[in-house]
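> below is the structure, and that's it, no one-letter string:
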């Protein structure tokens with residue numbers, strides 16, 4: 001991911017990121033664009049997750065164990 005922005009003084013800044021940092025930056029950029037992770041899932045999975053959430057049965061489909 002290549003990110004171009006400006007610093008506090010208005011100077012251009014470019015950041016090139018790979019791997020985990022790239023994923024984190026893209027995740028935050030998505031938030032700035034009004035997108036959530038659930039927006040990237042299929043309609044079928046999204047509906048399944050929302051139903052589980054309503055019932056209090058939702059389990060995140062990823063590990064919460066520290067790296």
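Looks like it arrived, so ask away. All of these numbers come straight from a predicted model, not from anything done at the bench. Residues are numbered from 1 along each chain as shown.
> all helices of the protein, in order?
Along the chain, counting by DSSP state H, helices occupy 19-32, 43-55.
> possible to save these as a markdown table with mean pLDDT?
A markdown table is the format used below for those (pLDDT from 0 to 100):
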| stretch | mean pLDDT |
| --- | --- |
| helix 19-32 | 92 |
| helix 43-55 | 88 |
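> reformat these as JSON lines; add mean neighbour count.
Just so you know, the C-beta spots here come from the backbone N, C-alpha and C atoms, and that holds for glycine as well. Compiled in JSON lines, the helices of the chain are given as follows (neighbours: other CB atoms under 10 Å):
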{"stretch": "helix 19-32", "mean neighbour count": "12"}
{"stretch": "helix 43-55", "mean neighbour count": "11"}
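> among these, which is nearest residue 8?
helix 19-32 (17.5 Å; CB to CB).
> quick revisit: to residue 1, which of the helices of the chain lies closest?
Using CB to CB, the helices of the chain put helix 19-32 closest to residue 1, at 4.1 Å.
> can you name every helix or strand that that closest one contacts?
Here helix 19-32 touches no other helix or strand, going by 3 or more CB pairs under 8 Å, 6 or more residues apart in numbering; DSSP states H and E.
> thinking again about what came up before, reformat the helices of the chain as CSV; add distance to residue 13.
Shown next, in CSV, are the helices of the chain (distance: least, CB to CB, whole Å):
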stretch, distance to residue 13
helix 19-32, 13
helix 43-55, 35
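> what about residue 1, distance to residue 20?
11 Å (CB to CB, to the nearest Å).
> residue 37 now?
16 Å.
> what does residue 5 give?
In terms of CB to CB, residue 5 sits 20 Å off from residue 20.
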